[in-house]
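Undergrad: Give the three-dimensional model of this entry:
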Amino acid sequence: MFVIKDTLVSLDLIEKYFVCDLAVCKGQCCIDGDAGAPLLEKEKNLIDQHMPQILPLLSPGGLKAICEEGSSYIDAEGDLVTTLIEGKNCAFSIYDENGTCLCALEKGYRDGLIPNLKPSSCFLYPVRLQKIGNMTALNFHRWKICYCADKLGKKLKVRAYKFLKEPLIREFGQEWYDELDRVATQWIKQSESDN
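TA: Numbering: from 1, shown residues only. From the prediction side, this is the model:
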């Protein structure tokens, strides 16, 4: 673990390789699971605020689910999460012509239609945030459907923290990321010289 400002950064975030391989996994993370994507209250409020722009981006199933149930619900563990389509896909999931599950919120942002509203729990994946006192721990989550991301990351030689540069900067800021990059570069250089 490294301490950067008020965060505890898992060594896995620096050492592990990771690049999402949508061609292989087909966006399974938006389908699998026992609840929707975790949401912060402020994220829910922003999504709801932009709902008129979001609704046309949704699949028919997602549109129906959100119109009937709203954008989110409280799951069995008491967490705020995105609404699901018939207990499966996230209501914001859409499919491309290759059958790959994508995020309507991300597509809307990339197309310049809405601000970046993708929940931090999705945008930062495979990082999971956990509050520990006044610190935030960044843990590297392992999920079997992401083995292809490990493989592609190794092939391309892209470390997880480099792959997650944009979401990490959105969450913690450029100065924080620059410090992470400096610490990671030193750690990797030292580790390689020790081997």
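Undergrad: List the contacts of the nearest residue to Leu156 once chain neighbours are set aside.
TA: In space, and not counting its chain neighbours, Leu156 is closest to Val19: 5.6 Å by CB to CB, 6 or more residues apart in numbering. For glycine as for every other residue, the C-beta is placed from the backbone atoms N, C-alpha and C. With contact set as CB atoms under 8 Å, 6 or more residues apart in numbering, Val19 has these partners: 149, 152-153, 156, 158, 163.
Undergrad: From Arg159, how far off is Val19?
TA: Val19 sits 10 Å away from Arg159, taking CB to CB, to the nearest Å as the criterion.
Undergrad: ok, now Trp187?
TA: Using CB to CB, one gets 10 Å for the distance from Trp187 to Arg159.
Undergrad: Give the residues shared as contacts by those two.
TA: Common contacts of Trp187 and Arg159 (CB under 8 Å, 6+ apart): 14-15.
Undergrad: neighbour count winner among the two?
TA: Using other CB atoms under 10 Å as the criterion, Trp187 and Arg159 rank with Arg159 on top: 19 against 14.
Undergrad: which residues touch that one?
TA: Neighbouring residues of Arg159 by CB under 8 Å, 6+ apart: 14-18, 153, 184, 188.
Undergrad: pLDDT score for the nearest residue to Leu58 once chain neighbours are set aside?
TA: Distance criterion CB to CB, 6+ apart; nearest residue to Leu58, sequence neighbours excluded, is Ala104 at 5.4 Å. On pLDDT, Ala104 comes in at 93.
Undergrad: so what's Ala104 up against?
TA: Ala104 neighbours (CB under 8 Å, 6+ apart): 54, 57-59, 62, 92-94.
Undergrad: same thing with Lys88?
TA: By CB under 8 Å, 6+ apart, Lys88 lies in contact with Ile31.
Undergrad: Name the residues of the helix-or-strand element of the chain with minimal mean pLDDT that are buried.
TA: None of the helices or strands of the chain scores lower by mean pLDDT, DSSP states H and E than helix 22-25, at a mean of 81. Residues 22, 25 are the ones in helix 22-25 that count as buried (16 or more other CB atoms under 10 Å).
Undergrad: by contact count, what packs against it?
TA: For helix 22-25, the packing partners by 3 or more CB pairs under 8 Å, 6 or more residues apart in numbering; DSSP states H and E come out as helix 147-156.
Undergrad: Now do the next helix or strand along the chain from the helix it packs on: which elements does it pack against?
TA: Proceeding N to C from helix 147-156, the next assigned helix or strand is helix 160-163, under DSSP states H and E. Helices and strands touching helix 160-163, by 3+ CB pairs under 8 Å, 6+ apart, are helix 11-15, helix 174-194.
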